[in-house]
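Novice: I would like the atomic coordinates for the input below:
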Amino acid sequence: MKRKTQHSTITVGIPTCYGGQSLVETVRSIRKAKNGNTVRIMIIADRTPITPVVADALIKLRTELTWNPVEGSQTKKVKQMIGKTTSDIYISTQDDITFDENTINEILNAFENDTSLTMAGIRIFPLPPETYFEAAMGSMVRIVDTIAQLWNDTHNHLASSGRCLAFRTTHLKRFRIPENVVNSDMFYYLENKRLDGTFRQLAKALVYIRCPQKLKDQIAPSSRYLYSKKEMQKHFSQKLDTEYRIPILLLLWAFTKELVCHPLAIVYYLFIRIYTLVVRQSKGVVSNPVWKVELSTKNSGSTS
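Specialist: Just a heads-up that it's a prediction; the model follows:
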């Protein structure tokens with residue numbers, strides 16, 4: 001009798017301080033994904049109480065929901081979930097993500113086919129925009145994706161988006177994860193390298209996001225990235241200049257590609273980018289690991 005293939009187990013962890021309907025839609029997209037029904041889903045929430053309606057929906061979707069009475073950073077909640085994880089693969093995502101139906105399988109196959117892989121980036125794409133501002137921010141997301149795909153065979157920090165990352169759990173449990181880190185996705189990428197792990201972005205593993213629809217919701221994320229290298233230098237001894245130095249030719253190619261395909265959106269984005277550089281938040285403000293939620297990204301949507 002032929003033995004059945006034993007597949008790796010998967011846990012998806014979602015830290016949240018908002019916990020609205022977008023969280024339900026994220027979980028629903030995971031359950032609808034191929035192999036999504038076999039996934040363990042953990043949610044740790046604080047700050048904004050989960051309403052009975054949302055809690056009931058999450059229970060029906062077979063999630064493990066934990067409420068932290070004391071508010072903490074995103075990395076604090078992630079550390080809690082890692083501590084509870086016994087699965088082979090851990091996927092860290094957020095409460096406003098829509099999973100493509102093939103993403104779970106793509107992650108599973110990547111780790112099973114490459115036993116040396118310890119961390120994988122998932123490609124991020126914008127949902128169809130509802131406002132002109134959101135269309136402009138979609139240009140930024142596509143430019144980042146284009147560069148991430150071409151830079152150093154996807155071995156770069158732009159391919160490591162905190163929106164969705166996958167890890168081999170045994171390797172992840174070796175990570176130092178400070179609870180006060182702000183640019184956590186960059187930290188995970190560098191920590192994986194420090195521990196001699198391997199990384200690549202999975203070309204066919206996709207998730208979709210609702211881009212910011214209001215200018216005020218973009219200022220904080222933009223400011224946090226501006227201080228990223230200074231923050232990371234506190235945790236890593238090696239010089240990080242090459243990690244952050246995007247090849248100029250790739251940047252020009254990505255910009256040109258976007259200009260041809262979405263000319264109005266990219267021009268609008270350039271004005272937004274200049275504005276956010278001028279009115280950036282101070283280092284003291286963005287260094288707080290517990291930040292205000294950008295509510296315009298929490299509007300649930302679909303890829304259709």
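
Novice: which stretch of helix or strand covers residue 146?
Specialist: In the assignment (DSSP states H and E), residue 146 maps to helix 132-150.

Novice: which of the residues in that helix are buried?
Specialist: 133-149 (16 or more other Cβ atoms under 10 Å). All C-beta spots, glycine's among them, are computed from the backbone N, C-alpha and C.

Novice: from the chain's centroid, how far away is it?
Specialist: Relative to the centre of its chain, helix 132-150 is centred 15 Å away, using Cα atoms, centre = their mean, to the nearest Å.

Novice: next SSE downstream of that helix?
Specialist: Next helix or strand after helix 132-150 toward the C-terminus (DSSP H and E): strand 164-168.

Novice: which strands or helices does that next one pack on?
Specialist: If you count contacts as 3 or more Cβ pairs under 8 Å, 6 or more residues apart in numbering; DSSP states H and E, strand 164-168 packs onto strand 89-93, helix 103-113, strand 119-126, helix 184-194, strand 199-209.

Novice: now these in a markdown table, with mean neighbour count and mean pLDDT?
Specialist: A markdown table is the format used below for those (neighbours: other Cβ atoms under 10 Å; pLDDT from 0 to 100):
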| stretch | mean neighbour count | mean pLDDT |
| --- | --- | --- |
| strand 89-93 | 24 | 98 |
| helix 103-113 | 20 | 97 |
| strand 119-126 | 23 | 98 |
| helix 184-194 | 21 | 97 |
| strand 199-209 | 19 | 98 |
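
Novice: now tabulate these in CSV and tack on distance to residue 269.
Specialist: Output for the helices and strands packed on strand 164-168, formatted as CSV (distance: least, Cβ to Cβ, whole Å):
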stretch, distance to residue 269
strand 89-93, 25
helix 103-113, 26
strand 119-126, 12
helix 184-194, 21
strand 199-209, 16
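
Novice: out of those, nearest to residue 37?
Specialist: Smallest distance to residue 37 across the helices and strands packed on strand 164-168 (Cβ to Cβ): 9.6 Å, for helix 103-113.

Novice: what's the angle between that closest one and strand 119-126?
Specialist: For helix 103-113 against strand 119-126, the angle by axes from the mean of the first three to the mean of the last three Cα atoms, to 10 degrees is 160 degrees.

Novice: low pLDDT regions in the stretch 201-304 of the chain?
Specialist: Applying pLDDT under 70 to the stretch 201-304 of the chain flags residues 281-304.

Novice: can you pull out the helices in it?
Specialist: Under the criterion DSSP state H, counting those that start in this stretch, the stretch 201-304 of the chain contains helices at 216-226, 228-233, 241-244, 248-261, 263-278, 283-286.

Novice: gap between residue 237 and residue 190?
Specialist: 11 Å (Cβ to Cβ, to the nearest Å).

Novice: residues near residue 248, how many?
Specialist: 8 (other Cβ atoms under 10 Å).

Novice: hmm, I was thinking of residue 28
Specialist: By other Cβ under 10 Å, the residues close to residue 28 number 18.
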